[in-house]
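# Predicted model follows, preceded by the sequence.
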Amino acid sequence: MTTTEDLDLEIEGDDEEVQLPPSHANMAFTTKKFVLQALLEKAAAVLPSRDIMPVLKNFQIVVSGGKITVIATDLELSVMAEGEMVTVRSPGEAVFPGKDLISIVREAADGDLVLDVVDGDCTIQVGKAKWFLKLMDGADYPPLPDLDEVEFHQVDRAKFLAALNMADYAAATDITRPSLMMVSIKDGKMRAADGVRFQQVDLGRTFPIDVDIPIAAVADLKKLLKTTDGNVILLGEEENFIFFRVGGDTFIASKLNTEFPDVESILLKPALGNTDLFSCDRTDLLAAIRRVRITADKTSSAISIELSKNVITLRAEDKFGNHSEESLDGSWNSDDRKLAVNHNYLTQMLEGTDRKSIQMLLGVDSKARKSPILVKDDDSGSIAVITQMVLDWMQ
């Protein structure tokens, strides 16, 4: 998936383009440079960086009825960015080379942008500058689903975005575990897991829809959710797609051909009986992890946490014997104990909440299995589980 930052780099390249047949499209419109640039940059997030179909390296632009719609897709994710600050002089649709068009619009001076396409020949004028492009045929551009057939449900934007920020870190990104490469929403609860971590956020019993969001779509979805101050977004689905409407923009994700497994019985239920509690300041813990992890083993990313009544000590050691430690104030209600965790996993979980104090619950370790670590936040309805690691240097 291509971000706008990636696109900056790709614009500099001279990679050979596959030529499509010439276009015979006709269209004409005038808009402000900043209007078209904003639409292009939203859609550019899903311009494919790899060769799928040559036509997909183009934006599809449709102007009609006083509206302009910029479309981009990589077949898995699609964006339809719509604006109304446009004067349509001749309605139509055409595909435009993604790299060239976004470069032109970015470099153009501020002001009116006048675009004319006559039998596939495109002229773009902004101020005294003009660009002339030979457009390619867009007949093979894949059609997007008919949004008029989709039932949309209103969802609180801020609450939904906060839940995604809490949950998405725990989703699997390993393609060997496709059933976990998603954020799953069912019965008003958002869940994500990768086999080692589990995160659940309560969206409320009245949440209107059950849906599984591919993890590949989440980063772009969160960016889109941040582009508006609106209180609600619209969420819908059909057999093969999930739809998110944010203001005048529509984000479409293809569904995965797999179901989210019952990870609660494997990861969550064993942790719900934990009763031994340790707590500390979340900001202090995050800062200590960042300092100690400098000497952590690069393969395991492991750090140890030593718990005593009023002090929590973090330690890390790599295979060369480099090591570090730091102590911070905290509380622990049981016998002295050591545990080990992946510092990246713990950091990601801590960064997903803004609570001042973090509370973690441990159970009894057995010879066969270390107790999972349970983190509960009753105020946000968040529950997280992180499994312990076994380290030779801790023995």
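Good, I have the coordinates.
# Of all the residues in stretch 181-198, which ones are buried?
181-185, 188-194, 196-198 (16 or more other C-beta atoms under 10 Å). Bear in mind the C-beta positions are built from the backbone N, C-alpha and C, glycine included.
# With stretch 157-167 instead?
For stretch 157-167, the buried set under the neighbour-count rule, 16+ other C-beta under 10 Å, comprises Arg157, Phe160, Leu161, Ala162, Ala163, Leu164, Asn165, Met166, Ala167.
# Isn't the fifth one up against Val201?
Yes. The pair Ala163 and Val201 passes the contact test of C-beta atoms under 8 Å, sitting 4.2 Å apart.
# Could you name every residue contacting both of these two?
Counting by C-beta atoms under 8 Å, 6 or more residues apart in numbering, the contacts common to Ala163 and Val201 are Met190.
# Do a quick rundown of the helices in the stretch 201-350 of the chain.
Ranges of helices in the stretch 201-350 of the chain, per DSSP state H, counting those that start in this stretch, are 215-225, 282-292, 343-351.
# Kindly report the same for the stretch 1-150 of the chain.
4-11, 33-43, 98-107.
# Most tightly packed of these?
helix 33-43 (a mean of 21; mean count of other C-beta atoms under 10 Å).
# domain parsing for the chain?
Per the record's domain assignment (automatic domain parsing), the chain is made up of the domains 4-134, 147-254, 264-394.
# Just put the ones you listed in JSON lines and tack on mean pLDDT and distance to Asp140.
Written out in JSON lines, the entries for those read as follows (pLDDT from 0 to 100; distance: least, C-beta to C-beta, whole Å):
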{"stretch": "domain 4-134", "mean pLDDT": "89", "distance to Asp140": "5"}
{"stretch": "domain 147-254", "mean pLDDT": "94", "distance to Asp140": "18"}
{"stretch": "domain 264-394", "mean pLDDT": "91", "distance to Asp140": "41"}
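# Pipe the ones you listed into JSON lines and attach distance to Tyr141 per row.
Compiled in JSON lines, those are given as follows (distance: least, C-beta to C-beta, whole Å):
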{"stretch": "domain 4-134", "distance to Tyr141": "5"}
{"stretch": "domain 147-254", "distance to Tyr141": "14"}
{"stretch": "domain 264-394", "distance to Tyr141": "38"}
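# quick one, what contacts Pro91?
With contact taken as C-beta under 8 Å, 6+ apart, Pro91 is in contact with Met27, Val63, Ser64, Gly65.
# quick one on the thing from earlier: turn the helices of the stretch 201-350 of the chain into a markdown table, columns for mean neighbour count.
Putting these into a markdown table (neighbours: other C-beta atoms under 10 Å) gives the following:
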| stretch | mean neighbour count |
| --- | --- |
| helix 215-225 | 19 |
| helix 282-292 | 17 |
| helix 343-351 | 19 |
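# Distance to Ile242 for the ones you listed - can I get that in a markdown table?
Formatted as a markdown table, the entries for these read as follows, by distance: least, C-beta to C-beta, whole Å:
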| stretch | distance to Ile242 |
| --- | --- |
| helix 215-225 | 8 |
| helix 282-292 | 33 |
| helix 343-351 | 24 |
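# Asp137 is nearest to which of those helices?
Closest to Asp137 of the helices of the stretch 201-350 of the chain is helix 215-225 (C-beta to C-beta; 27.9 Å).
# Okay, angle between that closest one and helix 33-43 too, please.
In this structure, helix 215-225 runs at an angle of 160 degrees to helix 33-43, with axes from the mean of the first three to the mean of the last three C-alpha atoms, to 10 degrees as the basis.
# and helix 215-225, what does it pack onto?
Based on contacts counted as 3 or more C-beta pairs under 8 Å, 6 or more residues apart in numbering; DSSP states H and E, the elements that helix 215-225 packs against are strand 77-83, helix 157-167, strand 182-186, strand 241-246, strand 249-254.
# Give me the contact list for the third one.
Counting by C-beta under 8 Å, 6+ apart, the neighbours of strand 182-186 from elsewhere in the structure are 164, 167-168, 171, 190-192, 203, 207, 209-215, 218, 256, 260.
# who does the helix or strand following it pair up with?
On the C-terminal side of strand 182-186, the closest following helix or strand by DSSP states H and E is strand 189-193. Counting by DSSP bridges, the strands paired with strand 189-193 are strand 182-186 (antiparallel), strand 197-202 (antiparallel).
# Which of those strands sits closest to Asn274?
strand 197-202 (13.3 Å).
# Convert the C-alpha atoms of the closest one to CSV, please.
Extracted in CSV, the C-alpha atoms of strand 197-202 (Å, rounded to 0.1, in the frame of the first residue of the first chain):
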residue,chain,number,x,y,z
ARG,A,197,-1.4,-10.8,22.5
PHE,A,198,-5.1,-10.1,22.8
GLN,A,199,-6.9,-6.8,23.0
GLN,A,200,-10.6,-6.1,23.5
VAL,A,201,-12.4,-2.8,23.6
ASP,A,202,-16.1,-2.4,24.5
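# Helix 157-167 and that strand, what's the angle between them?
With the same axes, to 10 degrees as the criterion, the two stretches strand 197-202 and helix 157-167 enclose an angle of 160 degrees.
# roughly how far out does strand 197-202 sit from the chain middle?
Centroid separation between strand 197-202 and its chain, computed with C-alpha atoms, centre = their mean, to the nearest Å, is 16 Å.
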